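Chemist: Next one to model:
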Amino acid sequence: VEIPPKSPDGSEKSPPSKELLTSNTASTLCISSRSESVWTSASRSKWDIYHKPIIVVSVGAAIFLFGIVIISLSCIQSANKNVYKMCGPAFLSLGLMLLVCGLVWIPIIRKKQNQRQKSQFLQILRSFFNR
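Modeler: This is a model prediction of the structure:
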């Protein structure tokens with residue numbers, strides 16, 4: 001635990017909050033904590049919105065299929081059977097995990113897009129009635 005330095009007059013007062021956090025720092029923190037799409041109203045294509053979950057689903061499906069191939073090799077080949085039996089389930093579980101994460105991610109993005117559209121609509125209404 002750090003001990004703050006004492007002020008020259010010996011009092012234990014803490015410095016004012018303005019010195020600790022300037023408005024420039026606060027705006028930087030706010031901007032870095034949000035994605036750029038929240039602040040801009042430019043419409044994005046479906047690929048821009050869904051490319052990350054699509055990539056995760058694709059990689060997960062590929063790893064899952066690779067795990068199926070490895071398990072089937074353990075049934076067909078007698079050489080290195082123990083290696084196939086150890087690696088196959090690992091690839092199956094990793095692929096299934098990525099596949100499910102990507103599939104769950106898509107409805108979450110849809111819900112956020114709907115909330116964003118409703119929020120923009122409410123802001124337009126508010127600005128209309130505040131004139």
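Chemist: rest of the way, CA atoms for contacts and neighbours
Modeler: Noted.
Chemist: residues near Ile124, how many?
Modeler: By the measure other CA atoms under 10 Å, the count of residues near Ile124 is 12.
Chemist: The closest residue to Ile49 other than its chain neighbours - how many residues pack around it?
Modeler: Leaving aside its sequence neighbours, Ile49 sits nearest to Ile109 (CA to CA, 6 or more residues apart in numbering; 7.8 Å). Ile109: 14 surrounding residues under other CA under 10 Å.
Chemist: try Ser74
Modeler: 20.
Chemist: cool, the one 5 residues further on as well?
Modeler: The criterion is other CA under 10 Å. On that basis, Ala79 has 10 neighbouring residues.
Chemist: do the same with Leu73
Modeler: 17.
Chemist: And it, how close does it get to Ser93?
Modeler: 17 Å (CA to CA, to the nearest Å).
Chemist: again, but for Arg126
Modeler: Using CA to CA, one obtains 49 Å as the distance from Arg126 to Ser93.
Chemist: Between the two, which has more neighbouring residues?
Modeler: Applying other CA under 10 Å to Arg126 and Ser93 shows that Ser93 carries more neighbours, namely 15 against 11.
Chemist: residues of stretch 79-87 that come out buried?
Modeler: The neighbour-count check on stretch 79-87 (16 or more other CA atoms under 10 Å) flags Tyr84, Lys85 as buried.
Chemist: what's the single longest helix in this structure?
Modeler: Identified as the longest helix of the chain according to DSSP state H is helix 81-129.
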